[in-house]
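Participant: Sequence plus the predicted model coming up.
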Amino acid sequence: MKTIFKILLISILVLCSSTLALSWTDDNDEKVLSMYFKKEYLVITPTRYLKSTSQVAENIAVITASDIEAIGAVTLADVLKYVVGIQALMIPGGIGVESHIQGTETTNHVRVIIDGVTLNDISLGTITLQSIPVENIERIEIIKGPASAAWGSSLGGIINIITKDSYSEKPISVKLQGSYGFYKTQDDRAALNGTVGPIGYYVFYGRQYSDGYNSELLNDQHNFYTKLKVALSENTVMRFTLGYKKVSNEPIKPELVDFNNSLFIVDPIVKTTF
């Protein structure tokens, strides 16, 4: 009996020491892990702790900022189209994006997260991707398959968007971008970036307008995104992120719309998302 008790006691001590060692590894920050692994191989999505891809069992794909720049993507939907096994389709009228991972049937099974905040629309299951400027994305981590254990309600997978945490050293840096096409289609963007004392900021505004890009709908979108970083001390940092989107749709020629078989939303809509 004493022998059995000793064996159980030793087993418990070994398990406890293993758990402590594992939690110590999980709690290490990026600086420590970067001593052993390249930065592009560090992921946080599978377990919500920073780990190397060699330490996780999930099927995970990582898209870095350099990958996005090489693609030349304008929107986040453009980036996701290059990932094997993923479909990102714009809903007519620009209301949102339907994102499917191979093997899933509905958009509700795929959770899209930016800096820890879920983006999925509760009613439609769509995603507001247009309000996220791709130039401010540090990396995208994608799990193809169930990830509910770590994030909850994500049977199909996770698309985790992590934005850049670095800001221009100048007090203000301005970037303007615009494009124009057929049917009065235009895409205008403006971004402010800088550091003032202990405060780093990034502010983005974009407007997409089309007078009949889809033959039955006029589309007018306004997107706003901002990220603020406040260094309270050497070891204490506060971060604030806010995203806003407003979409206005109305039919151009309602009398020509087939209300029984139309794939478009024909009633005037004003949709606002925070």
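Facilitator: Arrived safely.
Participant: going forward, measure contacts between C-alpha atoms and count neighbours the same way
Facilitator: Noted.
Participant: Can you classify D78 as helix, strand or coil?
Facilitator: helix (DSSP: H, G, I helix; E, B strand; the rest coil).
Participant: show me what contacts it?
Facilitator: Shown in contact with D78 (C-alpha atoms under 8 Å, 6 or more residues apart in numbering): A88.
Participant: Show the average pLDDT along the strand or helix carrying I68.
Facilitator: Following DSSP states H and E, one finds I68 within helix 65-71. The average pLDDT for helix 65-71 rounds to 87.
Participant: residues making contact with that helix?
Facilitator: Against helix 65-71 from outside (C-alpha under 8 Å, 6+ apart): V79, V134, E135, I137, E138, R139.
Participant: Just the C-alphas of that helix, formatted as PDB.
Facilitator: What follows is helix 65-71, C-alpha atoms only, in PDB (Å, rounded to 0.1, in the frame of the first residue of the first chain):
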ATOM      1  CA  ALA A  65       2.600  42.000 -44.000                       C
ATOM      2  CA  SER A  66       5.200  41.300 -46.700                       C
ATOM      3  CA  ASP A  67       2.900  38.700 -48.300                       C
ATOM      4  CA  ILE A  68       0.100  41.200 -48.400                       C
ATOM      5  CA  GLU A  69       2.400  43.800 -50.000                       C
ATOM      6  CA  ALA A  70       3.500  41.200 -52.600                       C
ATOM      7  CA  ILE A  71      -0.100  40.400 -53.500                       C
END
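Participant: Tell me the buried residues in it?
Facilitator: By neighbour count on 16 or more other C-alpha atoms under 10 Å, the buried set for helix 65-71 is A65, I68.
Participant: picking up where we left off before, in helices, which of the contacts of helix 65-71 fall?
Facilitator: In helices, defined here by DSSP state H, the members of the contacts of helix 65-71 are V79.
Participant: Tell me the one among the contacts of helix 65-71 nearest to K184.
Facilitator: Distances from K184 to the contacts of helix 65-71, taken as C-alpha to C-alpha, are shortest for V134 (23.7 Å).
Participant: That closest one: neighbouring residues, count only.
Facilitator: For V134, the neighbour count with other C-alpha atoms under 10 Å is 22.
Participant: got it, and the one 5 residues further on?
Facilitator: The criterion is other C-alpha under 10 Å. On that basis, R139 has 21 neighbouring residues.
Participant: Then G116?
Facilitator: Using other C-alpha under 10 Å, G116 has 13 neighbouring residues.
Participant: ok, now how distant is it from N219?
Facilitator: 30 Å (C-alpha to C-alpha, to the nearest Å).
Participant: now do A77
Facilitator: Taken as C-alpha to C-alpha, the span from A77 to N219 is 18 Å.
Participant: Between the two, tell me which one has more neighbours.
Facilitator: More crowded of A77 and N219, by other C-alpha under 10 Å: N219, with 24 against 21.
Participant: Now name the helix or strand holding the more buried one.
Facilitator: Going by DSSP H and E, N219 is in strand 217-231.
Participant: Pull out the buried residues from that strand.
Facilitator: 217-230.
Participant: Name every strand pairing with that strand and say which way it goes.
Facilitator: strand 199-214 (antiparallel), strand 237-251 (antiparallel) (DSSP bridges).
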